[in-house]
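Colleague: give the three-dimensional model of this entry:
(3 chains)
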Amino acid sequence: MARLALSPDRLFPPDPTTRSIARRLYDEVRGLPIISPHGHVPAEWLAQDTPFEDPTSLLITPDHYVTRVLHARGVSLADLGVGQQDVSVDQRRKAFRLLCEHWPAYRGTPVKFWFESGLADVFGLDLVPSAETADTLYEAIAELLDTPDFRPRALYRRFGIEFLATTDDPVDDLRHHRALAADPTWDGRVAPSFRPDRYLEPARPDWPDLTAALGEAADVDTGDYAGWVQAMERRRAYFKANGATSTDHSHRDARVEPLPATEAERLYGLALAGRISPDDADTLRRDLMFQMARMASEDGLVMTMHPAVHRNHHTPTFERYGADVGADIPISVEYTRAVQPMLDAFGTDPTFQVVLFTIDETVYSRELAPLAGFYPSVHIGAPWWFIDAPDAMARYRAAVTETAGFSKTSGFIDDTRAYLSIPARHDTARRMDSAFLAGLVADHRLTLDEALDEAYHLVVTYPRKAFRL
Amino acid sequence: MARLALSPDRLFPPDPTTRSIARRLYDEVRGLPIISPHGHVPAEWLAQDTPFEDPTSLLITPDHYVTRVLHARGVSLADLGVGQQDVSVDQRRKAFRLLCEHWPAYRGTPVKFWFESGLADVFGLDLVPSAETADTLYEAIAELLDTPDFRPRALYRRFGIEFLATTDDPVDDLRHHRALAADPTWDGRVAPSFRPDRYLEPARPDWPDLTAALGEAADVDTGDYAGWVQAMERRRAYFKANGATSTDHSHRDARVEPLPATEAERLYGLALAGRISPDDADTLRRDLMFQMARMASEDGLVMTMHPAVHRNHHTPTFERYGADVGADIPISVEYTRAVQPMLDAFGTDPTFQVVLFTIDETVYSRELAPLAGFYPSVHIGAPWWFIDAPDAMARYRAAVTETAGFSKTSGFIDDTRAYLSIPARHDTARRMDSAFLAGLVADHRLTLDEALDEAYHLVVTYPRKAFRL
Amino acid sequence: MARLALSPDRLFPPDPTTRSIARRLYDEVRGLPIISPHGHVPAEWLAQDTPFEDPTSLLITPDHYVTRVLHARGVSLADLGVGQQDVSVDQRRKAFRLLCEHWPAYRGTPVKFWFESGLADVFGLDLVPSAETADTLYEAIAELLDTPDFRPRALYRRFGIEFLATTDDPVDDLRHHRALAADPTWDGRVAPSFRPDRYLEPARPDWPDLTAALGEAADVDTGDYAGWVQAMERRRAYFKANGATSTDHSHRDARVEPLPATEAERLYGLALAGRISPDDADTLRRDLMFQMARMASEDGLVMTMHPAVHRNHHTPTFERYGADVGADIPISVEYTRAVQPMLDAFGTDPTFQVVLFTIDETVYSRELAPLAGFYPSVHIGAPWWFIDAPDAMARYRAAVTETAGFSKTSGFIDDTRAYLSIPARHDTARRMDSAFLAGLVADHRLTLDEALDEAYHLVVTYPRKAFRL
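Modeller: Numbers count the residues shown, from 1 in each chain, chains lettered A, B, ... in the order given. As a prediction, this is how the structure comes out:
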């Protein structure tokens, strides 16, 4: 049975000079607390501190990074527990075995790095996943998950998390965040993020109901446009009062464009009546996004934008398994023209701040770095989703730094629901940023002191600044 | 006269650690048989085993990789024999001299690597091409081409080719493939590929004639849409019976979209009457592509897509020299939305399989890797045409691996008519894949054993799987 | 106070083998004269040889590379002197202090390299900019600027400039160029470039006035289309007679498309009457660009194209500070289809020549290299503006060389008004090209002799060829 042996030098450039500089930089930042300003860990886990159930439901079933690779090799999502009710212990073991049997499929992907780091560093296990080791690993993990050291709060402390943001629906009452805030035994910091996407998509069949629910949560009549606006303002205020520092927005495109008031009202009416066309719905959504930006310029919640993904690309998979199961495929994005009306209005307003994310790498040097290199309000989000991986991280730094420097980048964003992978994900970023900075020292673009300074800021100062922590 | 001295380490990274790992990996794969599942070598060459005529008509005139570089420096295509009848021996010598005189123009291009490898490894010559050496080289090559060792079948064996696919018109009777299959003295494997592009472009002036010819070949009346469909099905069956495992498709865009039957029929009628508009022809072509996908889901022939090239960009060149002379220029491509209807219908069908190629590198990390990282049916084609070169190969692996791993890539595709360059092209890919894997070992993302395993699969397992060999 | 210590090895790859080859190549080219075929230094500076006023108005205020980084950190452009009249000495000192205080913001940007090279190599100063050193640096530079060695002509000689092109309006009388030509004490070469952008944008409110002024300068009635054409021809001839070798064109897109004569005339009439629609203005502009190409095919002035920038992205900044203050943001560009009509007509005409620039890196391997790899008239411009920086330069060479080689690239273009940064900018390019070539030698794609040859051509032969010097 092959043994895992994780090198202390992993992800560092092989050239000895650069590697030794990378080590020096990494040593400065490896132990710093984790700031996680955007992600999908449920606050409930920490509020209730419930033990995790079993290896499969923790590490495989909900993690579409893991399941899609197996699906791409012909494994049925059902066999991984996706979209299943009442998954038996046998089925869970079988799912874990499938992962281990297909382990070579993860070669070259960051999932391998995260998972192996988790095995070694979180669970203290050193077996390479394989058909042979699957059951041993499953049992060892299952046993550990039953111990107090592996409950959510214990892991939060062990991981050195300093700040963790969740992603929440505007009508959420944030009861788990409030419970945490009221809990004298809890000294972590878990903040909600305001994610109103559904309420900005007026062509959704359930949009009138969503709008009504929004109004109810805000105690405002959302029967007209002004009501919708006021309801959003109130819910944002509620989130802010409960610790939120940012809002998150993910639509097909990045456009933000105000409408004349009467036209906005007209389209709002059509949408409420369930009669809005898809094109008009896009137009109205872009206006509602402008309202979001306007609110951000008043309440100071940082906007984050994650556009341009074709969600649920495969209809049969969506119908059988639902959303977020690995069947979302990126499309190209345009930012320069799309956000011009927003930045024209608020781009130099000191209260307004926005972090722009992309999976379309072409906008890094062409659009995002120039935007962040001029507008004080614009920060460039870290590589996101499919490109949250070492080589892509290296491309990101190489593409944006020459125009925007380091200080206009967001710091690392893990964007994950895979709680146990958080330390490995941040570790990847710290290693890759150390490697990138080491390259600049090795070819004399930076002194070592300058690089040490930036390495620290990338982990501490810049995420705090970008997300107003 | 400068001498060629081809280093055994060429294309390996200069860092000594990485280079030594690359050597180790390359040693494992350098001698493995060549699988060439997509290319343009005429089956006739092998069926008839006719000696090659002369250096120029073998190495220069038909190879647009070679001629376009000279053309870009001001050399007339006519002087290279392109589009000429009855090229005299003098003209051939002169063309060869032009190549040698302009040899520095190839610096940094893969043509230099291929040509020098050919000189050294195929012909055993060690002169650097130049005005001074041109005639000597010409004569030496001409002399060798007259010997039995340089006839197509001898080279096939010497190159270690295990499988070679040609590209063929649907109405082709495949007589050369049949002759090879019937030849007891021939133990190679040369399979046709079904390339129906012309029959899917209803705006072509010759489309009604092509459609009639298709019907004749299939013994079906193609006077209506159903006839066209049936004719295609029959010809595909004929190709499959004669060893084909794939079909190839190259159109301006990658869109595949079914039409309602009556609309398809209406447009088909317009096209047959020569009265279809360019836009309607695109619409009909996308529907016909959907029919191709549907057939693939039934007969299991692997689809390969090579879209988004502006063919014959320079009209005067096309009029004087015809197609495929180096005047094709790529355009951007969109895949996520374009193939959605096809993958929605067949993406998880185990009989259906498709390999997506691109010259537009932006789709690697944004679209192709996510598609292949979810759909079991999708493979990512190797760097194609302009980007079939070392640096582009490195970018390809770096762009797709983190999302799709190695096993969803096609293996190397030489896509060439330049028969003598086949070993050098595969050697380039083996070297670059060894270099890429060596980088992953050097920074501890893979163990050496894992890399050795992948190096082998990239040459043997994955091309067989992607092309169902 | 930290001291600057500029390594002789800066920008060279850290691997010892590659670095030593890079040093060898760089040694061959570091001292060669500077050819600057496209830039924005005013001819007046050299004609009148007036001393520079002070450090801020020379190094900060007019340089949007410098000011935008500070603006992105929240510094007001007004505090940097931008758009201000009568800036006091105090304000200048304060602006210089702002730069020094924010010096860490430039880490990883080429501005740091250029500025530090300027401090060390031009002014002989070795203090790292900081709040602590700001005043000392300001005074030291101010003092030097008062000496004869720092006047424009002395610097021209000291920088080793052999050719410097300016950028000029078609109606400019070129008095400064003429004065230089007539000055027996001046032995440099400063040529104008013809930049007619404004006259090709018929939707501009001032277009009728511009057209009248053009007619006046050319002594032609521009009341009809033919008059505009003739006026342009005459002004081009005037520029050519005064040393111009190129024209420069920067519009939102790269399209060049002729109109039927009557349609051109009709749109021209609408434009003169101030009644042309934005879409028609684009259509007319693309036709006028075709006229420019046609003229180029007759007078042999090299066209350079710099398309696809959203100018003045932030209206309030434009209204307060004017154009060219760092608020221009790139957009994506399409070249293959856009320039097809132009290349169809003139692409193989030996008199016609064009250099295509981009900030959108996606077109390098997909469009520009294939175009330059076929058309003898097409050259690929060096990385421009935001991507005129080391990592982007490396990406450029890696993206274009495999298709187009070296000889179809333009040589380095500094494109700057920051006179004192010219040596550092050319030095950056020489270092990066040496590094790129060293990589090709290190992995045995080129011999050292081949690389030495190309290193020389990149600095001397290719810019001369691309710009017909």
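Colleague: and the strand or helix carrying A:A438, what does it pack onto?
Modeller: Using DSSP states H and E, A:A438 falls within helix A:422-442. With contacts taken as 3 or more CB pairs under 8 Å, 6 or more residues apart in numbering or on different chains; DSSP states H and E, helix A:422-442 sits against helix A:16-29, strand A:34-36, helix A:110-117, helix A:390-404, helix A:448-459. Quick note: C-beta positions are derived from backbone N, CA and C, even for glycine.
Colleague: can you give me the angle it makes with helix A:16-29?
Modeller: Helix A:422-442 and helix A:16-29 meet at an angle of 130 degrees, taking axes from the mean of the first three to the mean of the last three CA atoms, to 10 degrees as the criterion.
Colleague: rewinding a little: how about the helices and strands packed on helix A:422-442 in TSV, adding mean neighbour count, distance to chain C and mean pLDDT?
Modeller: Shown next, in TSV, are the helices and strands packed on helix A:422-442 (neighbours: other CB atoms under 10 Å in any protein chain shown; distance: least, CB to the nearest CB, whole Å; pLDDT from 0 to 100):
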stretch	mean neighbour count	distance to chain C	mean pLDDT
helix A:16-29	20	5	98
strand A:34-36	24	20	98
helix A:110-117	24	22	98
helix A:390-404	24	4	98
helix A:448-459	20	6	98
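Colleague: mind checking which of those is nearest A:S297?
Modeller: The minimum distance between A:S297 and the helices and strands packed on helix A:422-442 falls on helix A:390-404, with 21.8 Å, by CB to CB.
Colleague: is any part of that closest one close to chain B?
Modeller: Yes: contact between helix A:390-404 and chain B, assessed by CB under 8 Å from any CB of the partner chain, occurs at A:390-392, A:395.
Colleague: need these in JSON lines (columns: distance to C:V128).
Modeller: Shown next, in JSON lines, are the residues of helix A:390-404 next to chain B (distance: CB to CB, whole Å):
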{"residue": "A:P390", "distance to C:V128": "32"}
{"residue": "A:D391", "distance to C:V128": "33"}
{"residue": "A:A392", "distance to C:V128": "33"}
{"residue": "A:R395", "distance to C:V128": "30"}
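Colleague: what's the most distant pair in the residues you listed?
Modeller: Using CB to CB, these span at most 9.8 Å, a distance reached by A:P390 and A:R395.
Colleague: if we can go back for a sec, out of the helices and strands packed on helix A:422-442, which is closest to B:A165?
Modeller: Closest to B:A165 of the helices and strands packed on helix A:422-442 is helix A:390-404 (CB to CB; 31.5 Å).
Colleague: confirm A:T50 sits in a strand?
Modeller: No: going by DSSP: H, G, I helix; E, B strand; the rest coil, the assignment for A:T50 is coil, not a strand.
Colleague: list the contacts for it?
Modeller: A:151-152 (CB atoms under 8 Å, 6 or more residues apart in numbering or on different chains).
Colleague: how close does it sit to chain B?
Modeller: According to CB to the nearest CB, to the nearest Å, A:T50 stands 31 Å off from chain B.
Colleague: what's the answer for A:R30, then?
Modeller: In terms of CB to the nearest CB, A:R30 sits 16 Å off from chain B.
Colleague: that residue reaches A:T428, doesn't it?
Modeller: No: between A:R30 and A:T428 there is no contact under CB atoms under 8 Å: 11.6 Å.
Colleague: of the two, give the one with the bigger neighbour count.
Modeller: With neighbours defined as other CB atoms under 10 Å in any protein chain shown, A:R30 and A:T428 compare such that A:T428 has more, 23 against 15.
Colleague: how about the more buried one, what does it touch?
Modeller: Here A:T428 is in contact with A:11, A:110, A:113-114, A:389-390, A:393 (criterion: CB under 8 Å, 6+ apart).
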